[in-house]
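1. Quick one, structure for this:
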Amino acid sequence: MLYSLRGFETSEIAKKRMNIIRFYNEYGEKAAKEAFGADRKLISKWKHLLNKHGLKGLVPLSTRPHNLRRSEIPIEIINHIKALREAHPRLGKEKIKVLLDKYCKANKLKAISESTIGNIIKRHKFFYQASGRVYHNPSSKWAENRRKRTKRLRVRHSPKPQDFGYILSDTVERITDGVKDYFYSAIDAKLKFAATLNYKRLNSRNMNDFYQRFKIVYPGRIKTWQSDNGQENLGEFELALKQDSIPHYFIYPRCPRINTYIERYNRTIQEEFINNNLDIIHDKELFNQELSKYLIFYNTERPHKTLGLKSPIDYLIENGGMSQKCLTYTKP
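-> Below you'll find the predicted structure:
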């Protein structure tokens, strides 16, 4: 019974058949045929299997044929390919083809094609390497995970958005008196609205926490998020972006110029705030209070040359992004 339940729980087709049987018993043949396209004969067959074998009777049987085609390639050719691969692990199918043709001619065997040689190597897993490491084995776990990995969205150039909502993020590591600190930062490429938080660890959980806090203070809707290829930008953080339907763009490795806006902001907060508050950096409560004050100044008062010597909030108000009343509004 336990075996039957396990097979049933892992089969979506079996669950669907069970739902159709229940629907048929409650609403009749006509409704079941209109809803699922299953007539009385088919449902009766499923019910018979259910009564005879239990829940596992609804699990579809394997469609693998009983009589499989067998390879007609002589065993001598397969053994010769194996010997060549063992002696020369990096020898590809193109070069093996030349050597194998000579062997077949000398032994009066029918030559095989280059693609067939490749199939033999894969089927029999003729992958060898002197160090003991399997080289380019398409059936290995590494290769399987690489095939399953989703393709990342890439940006080739520094963005020039025409509207607000294009966010760039970066993480900076700083060592003070032998103690590591990580500063997570994000900035709007056009509005220049920015935020920074201090964390003790570099991971996706902290990046997700920073993202959730950034969403609260950001005075608009996040449309796109751009980051580098660090591990903190994957995992929980990337899952949160997918749940919010926000495209996540990655820069190319070793191309910091694509992250121009956030790199320049990192320099600004380093020179204007962090370097001037090193005496309190280990007092996290006081340091974070001062950091909050600076961010309020940066976003609401500090003039920005790219915004016509206006603060991000003033620039947003002038461009119809928000009302002046929003600055003094408090939730009831």
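
2. Might you list the low-confidence residue ranges for the stretch 201-332 of the chain?
-> Along the stretch 201-332 of the chain, the model assigns pLDDT under 70 to residues 321-332.

3. how does it look with 90?
-> Low-confidence segments of the stretch 201-332 of the chain, defined by pLDDT under 90: 253-257, 319-332.

4. Identify each of the strands in it and give its residue range.
-> 224-227, 248-251 (DSSP state E, counting those that start in this stretch).

5. who are the neighbours of the last one, in terms of helices and strands?
-> This means strand 248-251. strand 153-155, strand 224-227, helix 235-243 (3 or more CB pairs under 8 Å, 6 or more residues apart in numbering; DSSP states H and E). No exception for glycine: its C-beta is placed from N, CA and C like everyone else's.

6. What strands line up against it, and which way round?
-> strand 153-155 (parallel), strand 224-227 (parallel) (DSSP bridges).

7. secondary structure class for the spatially closest residue to T260 that is not a sequence neighbour?
-> Of all residues beyond its chain neighbours, the one nearest T260 is S158 (4.5 Å), with distances taken as CB to CB, 6 or more residues apart in numbering. Using DSSP: H, G, I helix; E, B strand; the rest coil, the structure places S158 in coil.

8. next one: V172
-> Quick answer, by three-state DSSP: V172 is strand.

9. Distance of the nearest residue to I78 once chain neighbours are set aside relative to I75?
-> Of all residues not flanking I78 in the chain, I120 sits nearest, at 6.0 Å (CB to CB, 6+ apart). Here the criterion is CB to CB, to the nearest Å. By it, I120 lies 11 Å from I75.

10. on that earlier part again, thought the residue nearest to T260 was touching P256?
-> No: using CB atoms under 8 Å, S158 makes no contact with P256, being 10.0 Å away.

11. about what we covered before: so which of the strands of the stretch 201-332 of the chain is the most surrounded?
-> Stretch with highest mean neighbour count among the strands of the stretch 201-332 of the chain: strand 224-227 (a mean of 23; mean count of other CB atoms under 10 Å).

12. Dump that one to CSV, keeping only the CA atoms.
-> Presented in CSV, the C-alpha positions along strand 224-227 are these (Å, rounded to 0.1, in the frame of the first residue of the first chain):
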residue,chain,number,x,y,z
THR,A,224,14.7,46.6,-13.7
TRP,A,225,17.6,45.5,-11.4
GLN,A,226,21.2,45.3,-12.5
SER,A,227,24.1,43.7,-10.6
